[in-house]
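S.K.: have a look at this fold, sequence not included:
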């Protein structure tokens, strides 16, 4: 059977390889975005404290210098859930 997208050995051509290849780049970008948004909500110090990491490690995760482990992503979800349920302080 001939397929215009997959020729020869069955390997995808370069043009569509990013669509079917490694998703870690997208996942990391999503993690970085979530971390930045969370830091914007509560401040980097508070976020680092709630994730039990140093601000330096948080900066590495947000900047792409280190990969945030998936278990920390789950913890971040819990932090954001708790933060969203917290009563607002009177002004």
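M.R.: Happy to help now that I have it. Just so it is clear, the structure is predicted and the values come from calculations on it, not from any experiment.

S.K.: can I assume residue 79 is in contact with residue 51?
M.R.: Yes: between residue 79 and residue 51 there is a contact under CB atoms under 8 Å: 6.6 Å. No exception for glycine: its C-beta is placed from N, CA and C like everyone else's.

S.K.: quick check: what element follows the top helix by length along the chain along the chain?
M.R.: Criterion DSSP state H: the longest helix present in the chain is helix 24-42. Once the chain leaves helix 24-42, the next helix or strand it forms, by DSSP states H and E, is helix 44-51.

S.K.: what is the orientation angle of the longest helix of the chain with helix 44-51?
M.R.: 110 degrees (axes from the mean of the first three to the mean of the last three CA atoms, to 10 degrees).

S.K.: other SSEs contacting helix 24-42?
M.R.: Counting contacts by 3 or more CB pairs under 8 Å, 6 or more residues apart in numbering; DSSP states H and E, helix 24-42 is packed against helix 44-51, helix 55-63, helix 70-85.

S.K.: hmm, who's touching that helix?
M.R.: 47, 50, 58, 61-64, 67-68, 73, 76, 79-80, 83 (CB atoms under 8 Å, 6 or more residues apart in numbering).

S.K.: can you say which of the residues you listed are buried?
M.R.: Buried residues within the contacts of helix 24-42, counting neighbours by 16 or more other CB atoms under 10 Å: 47, 50, 58, 61-62, 68, 76, 79-80.
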